[in-house]
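Undergrad: Any chance you can model this:
(one chain, ligands or ions: 2)
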Amino acid sequence: MRIVTGEEMASIDAITINKIGLPGVVLMENAGREIARRLIDLYGMEKRFLLFIGKGNNGGDGFAVARMLKEQGVSVLTCIVEDEAIFEGDAKLHKRVYEQSGYRWRYWKEMNRTWSEVLCEVDVVVDAMLGTGLRGAIREPYTSIIKKINLADKEIVSIDLPSGVPAGEAEMEGEPISADRTFTLQLMKLSYYLEATKPYYGEVETLPIGIPPATMNHLEAQRCVWGKDEVVNSWVKSNPFAHKGSNGRIGVIAGSQQMPGAAALSASAAIRGGAGLTTVGTVSTAIQTVATHVKEAMYTAFSEQSGLIAPTEEELFAFYEGKAAIAIGPGIGRSTRIKAMIAHAIEHYTGILILDADALVYVSELHDEVKKRRSPLVLTPHIGEMAHLANESVDVVKQYRFTIAETYAQTYQAHIILKGPHTIVANPNGGMTVNHSGNAGLAKGGSGDVLTGIVTALVARQPLETALSTAVFLHGHAADLLINQGFSINSLTPSDLIEGLAEAYKLCE
Ligand SMILES: NC(=O)C1=CN([C@@H]2O[C@H](COP(=O)(O)OP(=O)(O)OC[C@H]3O[C@@H](n4cnc5c(N)ncnc54)[C@H](O)[C@@H]3O)[C@@H](O)[C@H]2O)[C@@H](O)CC1
Ligand SMILES: [K+]
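TA: Ligands and ions are numbered 1, 2, ... in the order given. Next comes the predicted model:
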């Protein structure tokens, strides 16, 4: 399913109406029918609804919902927020159909005077005031109405968006509706995936309103949800004659004297993730520790300096040999020799190169080398690392995570896995996916090392772009399955995640 901004949704609506020829009033009728059906499913026929209607098309949806609820005998109080004379277009038509069907509405100005009595008569507030057409700071009378609704302590259901929440990355100006539930129309809206706006949505359900998929082909930004269906549908079944070489020979350069655990986590995640042959490149002291945990891997002891790897050029070329993918970063630490190694890999390694953790620190100093690289490069930053890569503040990355990941991926022709709740994968060709698995149990040191291992294993045996999105999904899915099995969010460890991968992979088989 696509994820869109308000402007993109408006262009999709316009193509549906003007090119395909499906009138806007029909879409509104469809929206009204779907929403009324879901309201009755969820709340039953006995609950009393109070509908707030704004002057745009979001309000038009509201009139269609109110009419359909009333047709079925449900109790509805309909309140229009602004002067009735300013309704126009499709919303005006639905207002007229509502009135011609014999139904009444009231003005907010009047209702406001008896607000506490009104509240005693209703159970659920339906918000059809502002949708994708919101621009700039929320203005009166919406500002005061929203405040009153939020304070009313009633169940709140929003249509398309909680009123006052922008659909895209625009900054929120003013207090929006804080919904318990949002029925978003046809496509997911981008602001659902942003830290500042997501909490206002409550539970989200997408309802179809009859927009044909062909209307979305023109969109420049191709953002899609990546969930179970996408994982299953894109999975390329392994060849029954596969041998360890064809399942992908991969390398993991990780760990140091101080941090051998990071190497163990990423290597065992790669092995659980299905890698055919995994070689770990690290310091000799780490090998002793890691090898007792990860029995299936092979090991290369690199030259070292002060407990950190400091591989020579010969050691690096030998390590690159025959490997489909190499990950560098977890627990390697920082030094000028480490920087030289990253530069070398970017310049000379011709397989799929994955840079994570400490390896990312040097990438912004190596942007010229990155631009010259011709083979695939995958970077796996969290928000702070992305801020460093893009030379932006953490707050800016949080607000504009889609734009920043997309711009970076295109500028440097790199695949970006921007980690966090709803991890984004941004590809150099402009395609983006947003992950729909995972929970707060993943927010722990070591969880990223596990992801790097899964990514490395998968890119060696699945098409690159789907491998990245699917690796992110399976990482989160493993965590979700463990929570369902009774693990607590607080005690979930990265090692548990690796064990959980066995169950998570069943999805693909
Ligand atoms: N025919 C169509 O175009 C369809 C539209 N649909 C619905 O229509 C919505 C979009 O409709 P519109 O584009 O008319 O816009 P909205 O209904 O979201 O709201 C725009 C109205 O609010 C006012 N407004 C904008 N920013 C404001 C602010 N900051 N403070 C106060 N008032 C503000 C504008 O003057 C405008 O009249 C969607 O969210 C969806 O619910 C759906 O029914 C599908 C069909
Ligand atoms: K709304």
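Undergrad: Now do the closest residue to residue 451 other than its chain neighbours: how many residues are near it, please.
TA: In this structure, residue 451 finds its nearest non-sequential neighbour in residue 475, 4.8 Å apart by C-beta to C-beta, 6 or more residues apart in numbering. From N, CA and C alone the C-beta is placed, and that goes for glycine too. Using other C-beta atoms under 10 Å, residue 475 is surrounded by 30 other residues.
Undergrad: OK, contacts around residue 475?
TA: Each residue near residue 475 by C-beta atoms under 8 Å, 6 or more residues apart in numbering is listed here: 437-438, 442, 447, 450-451, 454, 497.
Undergrad: again, only this time at 10 Å
TA: 269, 273, 419, 423, 435, 437-438, 442, 447-448, 450-455, 494, 497, 500-501, 504 (C-beta atoms under 10 Å, 6 or more residues apart in numbering).
Undergrad: Among those residues, which lie within strands?
TA: residue 435 (DSSP state E).
Undergrad: where in this structure is pLDDT low?
TA: For the chain, applying pLDDT under 70 flags the ranges 240-247.
Undergrad: According to the record, where do the domains of it fall?
TA: What the record gives for the chain is the domain set 3-219, 230-236+244-508, from automatic domain parsing.
Undergrad: Which residues of the stretch 51-200 of the chain lie near ligand 2?
TA: Within reach of ligand 2 by C-beta under 5 Å from the ion, the stretch 51-200 of the chain has these residues: 58, 127, 158-159, 163.
Undergrad: Which residue, neighbours along the chain excluded, lies closest to residue 385?
TA: Counting by C-beta to C-beta, 6+ apart, residue 385 lies nearest to residue 360, which is 4.8 Å off, once chain neighbours are set aside.
Undergrad: next one: residue 455
TA: residue 471 (4.4 Å).
Undergrad: same thing with residue 468?
TA: In this structure, residue 468 finds its nearest non-sequential neighbour in residue 425, 4.9 Å apart by C-beta to C-beta, 6+ apart.
Undergrad: name the element that neighbour belongs to?
TA: Using DSSP states H and E, residue 425 sits within strand 424-426.
Undergrad: hmm, back to that, quick check, the residue nearest to residue 451 in a helix?
TA: Yes. Per DSSP: H, G, I helix; E, B strand; the rest coil, residue 475 lies within a helix segment.
Undergrad: For the residue lying farthest from the centre of the chain, give me its contacts.
TA: No residue in the chain sits farther from the centre than residue 102, which is 44.2 Å out by C-alpha atoms, centre = their mean. Under the criterion of C-beta under 10 Å, 6+ apart, the contact list for residue 102 reads 67, 70.
Undergrad: now it: how far from ligand 1?
TA: Residue 102 sits at a distance of 23 Å from ligand 1 (criterion: C-beta to the nearest ligand atom, to the nearest Å).
Undergrad: Of the domains of the chain, which stretch is the most buried?
TA: domain 230-236+244-508 (a mean of 21; mean count of other C-beta atoms under 10 Å).
Undergrad: Quick one: end-to-end distance for it.
TA: Using C-alpha to C-alpha, to the nearest Å, one end of domain 230-236+244-508 lies 10 Å from the other.
Undergrad: can you check stretch 426-435 too?
TA: End-to-end distance of stretch 426-435 (C-alpha to C-alpha): 11 Å.
Undergrad: got it, and stretch 48-67?
TA: Terminal-residue distance, stretch 48-67 (C-alpha to C-alpha): 14 Å.
Undergrad: Would you mind pulling the contact partners of the strand holding residue 425?
TA: If you take C-beta under 10 Å, 6+ apart as the criterion, strand 424-426 is touched by 3, 193, 221, 223-224, 226, 378-380, 386, 401-410, 414-418, 431-435, 455, 465-473.
Undergrad: and the residue of the stretch 151-300 of the chain found nearest ligand 1, what does it touch?
TA: Going by C-beta to the nearest ligand atom, ligand 1 is nearest to residue 160 of the stretch 151-300 of the chain, at 3.7 Å. Residues near residue 160 by C-beta under 10 Å, 6+ apart: 6, 9, 31, 35, 57-58, 61, 127-128, 130-133, 167, 182-186, 189, 207, 209.
Undergrad: Try it again at 7 Å.
TA: Residues in contact with residue 160 (C-beta atoms under 7 Å, 6 or more residues apart in numbering) are 58, 131-132, 184-185.
Undergrad: Can you name the residue of the stretch 401-509 of the chain nearest to ligand 1?
TA: For the stretch 401-509 of the chain, the residue closest to ligand 1 is residue 402, as judged by C-beta to the nearest ligand atom, at 19.3 Å.
Undergrad: quick one on the thing from earlier: farthest-apart pair in the contacts of residue 160, please.
TA: Across the contacts of residue 160, the longest distance by C-beta to C-beta is 11.6 Å; it joins 58 and 184.
Undergrad: Close to ligand 2: what parts of the stretch 251-400 of the chain are there?
TA: Going by C-beta under 5 Å from the ion, none of the residues of the stretch 251-400 of the chain are near ligand 2.
Undergrad: Single out the residue in the stretch 251-400 of the chain that lies closest to ligand 2.
TA: Closest to ligand 2 within the stretch 251-400 of the chain is residue 399: 21.5 Å, counting by C-beta to the ion.
Undergrad: is it true that that residue touches residue 168?
TA: No. If you go by C-beta atoms under 7 Å, residue 399 and residue 168 don't touch, sitting 10.7 Å apart.
Undergrad: CSV please, covering the residues of the stretch 51-200 of the chain next to ligand 2 and showing secondary structure.
TA: Listed next are those as CSV, based on three-state DSSP:
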residue, secondary structure
58, helix
127, strand
158, strand
159, strand
163, coil
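Undergrad: Name the nearest of those residues relative to residue 333.
TA: Nearest to residue 333, judged by C-beta to C-beta, of these is residue 158 at 48.3 Å.
Undergrad: And the closest one, how far from residue 35?
TA: Going from residue 158 to residue 35 by C-beta to C-beta, to the nearest Å gives 10 Å.
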